[in-house]
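>>> Sequence first, then the predicted structure, then my questions.
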Amino acid sequence: MGILSRIFISLFIVVAMPYYWLLIDARTADVPARTIDIAAIRRAAVSIEGPKPTAISYAVLAVRDMPGTALVAGGGLRADRVAKIAFRLATPGGDTLIDTGLTQYQAEDMDFDRFNPAARREVDAWMHGAQRILVTHEHPDYVGGFLASRDFDTIAPRVILNRAQAETMDRMRRGVIDSVGRIVDGPAIAAVAPGIVLVRTPGHTPGSQMIYVQLANGREYLFTGDVAAMERNVTWLRPRSRLASGWQGGEDRVAVIGWLKGLAALKAQQPRLTLVYANDLNWMQNPRRGPHFATSYIYTAQDPDPSLGGTSMEENDAAIK
């Protein structure tokens, strides 16, 4: 073997092996599926009397394009449209908010190049008007809107957290544990309102949970949070890349793979149950596969984009000065 061949092979190993390990590898064969007990979840959903949610709407706070292989290991270099979204469950007697989204500062820090200040104001109004606020997990891009709010003391009594979420968020903003309305310490499946059930799924973070919603018309949704941020996490049975996991830190990759297998099995067994993928804007807006939620503020591919008030943060900043 010539010296050039040896140099080429050495360079290939130095470059290709880390690339494969960090961005492509998604071996799941040895990981057992985690059980998601839909019968128990449904029983919990009807255990509290009262009106169930009647409709779901969403607001897109920030958007960026990321290589597909970042949030879906081995997903290729084609860009996926990734969004940070808050959801509102319209309910007679008091609405519920799922995830509070991020602030503009946090969006910039995470390299989101499109942020919608109008959507941020809308979600802030949702927080003020909600009877309860739930979060799928405790990362800043999901709870930053609440933690950074100037009206924290007013909003906090409406927030329901599990213990792991509360402890992490208390380190992010002192006083969370003493201020929030309720900390759920109980079982892995816990109803918090008619038709609304928390399903503990630790792995992406210690406090990760999915949120099951049964509407008054019988339709069912399971908000997966960052356990399955993209539709292909479930359909391809691939977690996020190790690079993305390591960037946020602390993810139990084996646990996440187990939950993804559990979600895939649930989807096959319950085709009428809609899984709601937290970041997948292309899926969210797909007229065939998407959930057909009402939209408050959305992102479209137009340039300039009137729904966002501009195509860049600089333009949005100028619009509100």
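The structure has been received and is ready for your questions.
>>> now the strands: where do they sit in this structure?
55-67, 79-90, 95-98, 114-115, 130-134, 160-162, 182-184, 189-193, 196-200, 209-214, 220-223, 273-276, 294-297 (DSSP state E).
>>> Out of the ones you listed, flag the one nearest Ile38.
Nearest to Ile38 among the strands of the chain is strand 273-276; the distance by C-beta to C-beta comes to 7.2 Å. (Glycine included, C-beta is placed from N, CA and C.)
>>> In the chain, where is pLDDT below threshold?
Scanning the chain for pLDDT under 70 picks out 1-29, 242-249, 296-321.
>>> Helices along that one, start to end?
All helices of the chain, identified by DSSP state H, fall at 3-19, 38-45, 68-71, 104-109, 117-129, 140-147, 152-155, 163-172, 176-179, 231-235, 242-248, 253-269, 281-284, 313-320.
>>> before we move on, the earlier item: for the strands of the chain, could you give me CSV that also reports mean neighbour count and distance to Asp153?
Listed next are those as CSV, based on neighbours: other C-beta atoms under 10 Å; distance: least, C-beta to C-beta, whole Å:
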stretch, mean neighbour count, distance to Asp153
strand 55-67, 21, 23
strand 79-90, 23, 20
strand 95-98, 24, 17
strand 114-115, 25, 26
strand 130-134, 22, 14
strand 160-162, 24, 16
strand 182-184, 16, 16
strand 189-193, 18, 22
strand 196-200, 23, 24
strand 209-214, 24, 25
strand 220-223, 21, 27
strand 273-276, 21, 30
strand 294-297, 16, 26
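>>> now those strands in CSV, with distance to Tyr105?
CSV is the format used below for these (distance: least, C-beta to C-beta, whole Å):
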stretch, distance to Tyr105
strand 55-67, 11
strand 79-90, 13
strand 95-98, 21
strand 114-115, 10
strand 130-134, 21
strand 160-162, 23
strand 182-184, 27
strand 189-193, 30
strand 196-200, 29
strand 209-214, 26
strand 220-223, 25
strand 273-276, 27
strand 294-297, 19
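>>> right, and these - which one's nearest Leu237?
Per C-beta to C-beta, nearest to Leu237 of the strands of the chain: strand 273-276, 13.4 Å.
>>> partner strands of that closest one, parallel or antiparallel?
The strands beside strand 273-276 in its sheet (DSSP bridges) come out as strand 220-223 (parallel).
>>> Report the distance from the strand it pairs with to the chain centre.
A distance of 13 Å separates the centroid of the chain from that of strand 220-223, by C-alpha atoms, centre = their mean, to the nearest Å.
>>> which residues touch the residue nearest to Asp141 when sequence neighbours are not counted?
Once flanking residues are discounted, Asp141 sits nearest to Leu102: 4.4 Å by C-beta to C-beta, 6 or more residues apart in numbering. Leu102 sits next to Leu61, Ala62, Lys84, Met110, Pro140, Asp141, Tyr142, Gly144, Gly145 when contact means C-beta atoms under 8 Å, 6 or more residues apart in numbering.
>>> Quick check: the farthest pair among these?
Met110 and Gly145 (13.8 Å).
>>> more neighbours, these two?
Neighbours were counted for Met110 and for Gly145 using other C-beta atoms under 10 Å; Gly145 has more, 27 against 17.
>>> isn't that one right up against Gly101?
Yes. The pair Gly145 / Gly101 is scored as a contact, 4.6 Å apart, by C-beta atoms under 8 Å.
>>> Could you tell me which residues touch both of these two?
With C-beta under 8 Å, 6+ apart as the test, Gly145 and Gly101 both reach Leu61, Ala86, Arg120, Val123.
>>> Out of those, the closest to Arg78 would be?
Using C-beta to C-beta, the shared contacts of Gly145 and Gly101 come closest to Arg78 at Leu61, 23.8 Å.
>>> how many neighbours does the residue nearest to the closest one when sequence neighbours are not counted have?
With sequence-adjacent residues excluded and distances taken as C-beta to C-beta, 6+ apart, Leu61 is closest to Gly101, at 4.2 Å. Using other C-beta under 10 Å, the number of residues around Gly101 comes to 29.
>>> Please list all residues in contact with Gly101.
59, 61-62, 84-86, 119-120, 123, 141-142, 144-145.
>>> 7 Å instead, please
Shown in contact with Gly101 (C-beta atoms under 7 Å, 6 or more residues apart in numbering): Leu61, Lys84, Ala86, Val123, Gly144, Gly145.
>>> Next: Gln106.
Pro140, Asp141, Gly144.
>>> I'd like the residues you listed as CSV, with neighbour count and distance to Ala166 appended.
As requested, the contacts of Gln106 are exported to CSV (neighbours: other C-beta atoms under 10 Å; distance: C-beta to C-beta, whole Å):
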residue, neighbour count, distance to Ala166
Pro140, 18, 15
Asp141, 24, 18
Gly144, 24, 16
